[in-house]
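[1] Whatever this is, show me its structure:
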Amino acid sequence: MATNEYQVTGMTCEHCERSIREEVGEIQGVEGIQVSAQTGKLVVTASGDIDDAKVLGAVEEAGYSAVRV
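    Predicted coordinates for the structure are as follows:
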């Protein structure tokens, strides 16, 4: 089990959280997603190693930007 944390810029509401959750949830191996517009944090848990590029790309696809913490 691997867990990575990211700081997301631009989230303001539940819709933002849902958009990110949907995009990141499409990444193979992802088992858990915690995202908070209030704190700007995204925590991704996966069965194996997490490819940061895929997570960051998914966040960008949702319309936001992120960096790994």
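[2] in stretch 26-37, what's buried?
    27, 30, 33, 35, 37 (16 or more other CB atoms under 10 Å). (Each C-beta comes from the backbone N, C-alpha and C, glycine too.)
[3] which residues touch stretch 57-69?
    For stretch 57-69, the surrounding residues in contact (CB atoms under 8 Å, 6 or more residues apart in numbering) are 4-11, 16, 19-20, 22-24, 26-27, 41-42, 52, 55-56.
[4] Pipe the buried residues of stretch 26-37 into JSON lines and attach distance to R68 per row.
    Below are these laid out as JSON lines (distance: CB to CB, whole Å):
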{"residue": "I27", "distance to R68": "14"}
{"residue": "V30", "distance to R68": "15"}
{"residue": "I33", "distance to R68": "15"}
{"residue": "V35", "distance to R68": "14"}
{"residue": "A37", "distance to R68": "19"}
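[5] Looking at those residues, spot the one nearest S47.
    Each of the buried residues of stretch 26-37 was checked against S47 using CB to CB; the closest is V30, at 8.3 Å.
[6] Now do the closest one, the pLDDT please.
    At V30, the pLDDT value in this model is 96.
[7] ok, it - contacts?
    Listed by CB under 8 Å, 6+ apart, the contact set of V30 reads 24, 44-46, 50.
[8] From the residues you listed, which land in strands?
    Mapping the contacts of V30 onto strands (DSSP state E) picks out 44-46.
[9] Relative to E60, how far out is the spatially most central residue of the chain?
    The geometric centre of the chain, computed from its C-alpha atoms, lies nearest to L42 (CA atoms, centre = their mean), at 4.8 Å. According to CB to CB, to the nearest Å, L42 stands 12 Å off from E60.
[10] Return the residues in contact with G29.
    46-48, 50.
[11] List only buried entries from the residues you listed.
    Buried residues within those, counting neighbours by 16+ other CB under 10 Å: 46, 50.
[12] in this protein, which spans are helices?
    14-25, 52-61 (DSSP state H).
[13] so T9 makes contact with A37?
    No: with contact defined as CB atoms under 8 Å, T9 does not count as touching A37 (11.1 Å).
[14] So for M1, what's the pLDDT?
    88.
[15] Number of residues surrounding it?
    8 (other CB atoms under 10 Å).
[16] Cool, thanks, signing off.
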